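Visitor: Structure, please.
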Amino acid sequence: MRTRIAIGLALFVLALVPALSGVAFAQRTTYDYQRQQDFSTVKTFSFKSVPVPTTGSAETTTYDGPLMDERTKAAIARQLESRGLRRDDDNPDVVVSSRRTFKTEYTVYGGYGWGGGYGWGGWGPYGGYRYSGYPYGWGGWYDPGPSYVDERIRGTLTIDVENPATGAVVWRGIGSRHVHESSKPSSRDKRVNEEVADIFKHFPPVAR
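Guide: I've put the predicted structure just below:
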């Protein structure tokens with residue numbers, strides 16, 4: 001009987017992990033734009049000259065700095081060119097800038113400890129899982145043991161499209177996701193392309 005319970009719990013955990021992973025690593029995006037801007041007249045773009053970080057803390061050195069700036073610009077250029085824009089550094093209709101910010105998030109998890117017998121039930125009055133159903137009639141609960149803290153870095157990429165004459169932002173896209181601090185350069189290339197493409201899903205914007 002204990003073997004059956006252990007197998008059931010293992011299957012439950014295996015089913016839960018992919019769902020949690022999807023939530024953890026999915027990118028959150030949002031955007032806004034200037035209603036007066038006629039985006040049908042935007043045919044050319046350039047990149048705004050802004051200082052690029054050359055140093056960072058232990059949390060940001062792998063996902064910030066000149067190398068990441070180059071990757072981000074290349075990904076942005078691909079998205080704009082795929083929409084019919086071309087780069088013109090002499091007389092652009094819009095200028096584009098990007099910046100990354102980082103923050104550390106902490107999640108506290110409880111330990112593991114089961115009490116009572118067996119059988120599926122519902123969540124108990126103290127937040128523990130009650131395992132009390134037919135045919136075994138178990139009335140125990142989940143008893144959290146020692147807790148531990150999961151520390152992750154969340155990075156936010158902000159992309160601004162500006163009027164070069166006035167400096168006014170005509171479109172802004174933002175994407176936020178957890179950072180893979182130890183990812184390989186090839187993986188980083190892929191992730192940057194994915195995050196930029198996701199942010200540009202709403203460019204040019206459709207008036208609503």
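
Visitor: Not counting its neighbours along the chain, what's nearest residue 101?
Guide: Nearest non-adjacent residue to residue 101, counting by CB to CB, 6 or more residues apart in numbering: residue 156, 5.0 Å away. C-betas here are computed from N, CA, C, even on glycine.

Visitor: Could you give the secondary structure assignment for residue 30?
Guide: Three-state assignment for residue 30 (DSSP: H, G, I helix; E, B strand; the rest coil): strand.

Visitor: any idea what sits nearest it, other than its immediate chain neighbours?
Guide: residue 174 (5.2 Å).

Visitor: That neighbour falls within a strand, correct?
Guide: Yes - Residue 174: assigned to a strand according to three-state DSSP.

Visitor: was I right about it contacting residue 98?
Guide: No - if you go by CB atoms under 8 Å, residue 174 and residue 98 don't touch, sitting 10.4 Å apart.

Visitor: thinking again about what came up before, same question for the helix or strand harbouring the residue nearest to residue 101: list its buried residues.
Guide: With secondary structure defined by DSSP states H and E, residue 156 is part of strand 148-162. Buried residues in strand 148-162, defined by neighbour count with 16 or more other CB atoms under 10 Å: 152, 153, 155, 157, 159, 160, 161, 162.

Visitor: Can you give the domain ranges for this structure?
Guide: 28-105+150-202, 111-146 (automatic domain parsing).

Visitor: looking at those domains, which one has the lowest mean pLDDT?
Guide: Among the domains of the chain, domain 111-146 carries the lowest mean pLDDT, a mean of 47.

Visitor: any idea how far the closest residue to residue 27 other than its chain neighbours lies from residue 108?
Guide: Once flanking residues are discounted, residue 27 sits nearest to residue 177: 4.0 Å by CB to CB, 6+ apart. According to CB to CB, to the nearest Å, residue 177 stands 21 Å off from residue 108.

Visitor: Please identify which of these two sits among more neighbours.
Guide: Neighbour tally, residue 177 and residue 108, criterion other CB atoms under 10 Å: the higher count belongs to residue 177, 19 against 8.

Visitor: Give me the residues contacting the helix or strand where the more buried one lies.
Guide: According to DSSP H and E, residue 177 maps onto strand 169-178. Identification of contacts with strand 169-178 by CB atoms under 8 Å, 6 or more residues apart in numbering yields 24-34, 37, 39, 94, 105, 152-163, 195-196, 198-200, 202-205.

Visitor: Which neighbours in the sheet does that strand have, and how are they oriented?
Guide: Strand 169-178 has its sheet partners listed here by DSSP bridges as strand 28-33 (antiparallel), strand 148-162 (antiparallel).

Visitor: what sits against the residue nearest to residue 101?
Guide: 100, 101, 102, 103, 174, 175, 176.

Visitor: Based on its surroundings, how many neighbours for the last one?
Guide: Okay, so that is residue 176. The burial count for residue 176: 18, using other CB under 10 Å.

Visitor: For it, name its beta-bridge partners.
Guide: Beta-bridge pairing for residue 176 (DSSP bridges): residue 28, residue 156.

Visitor: ok, now how distant is it from residue 91?
Guide: Going from residue 176 to residue 91 by CB to CB gives 34 Å.
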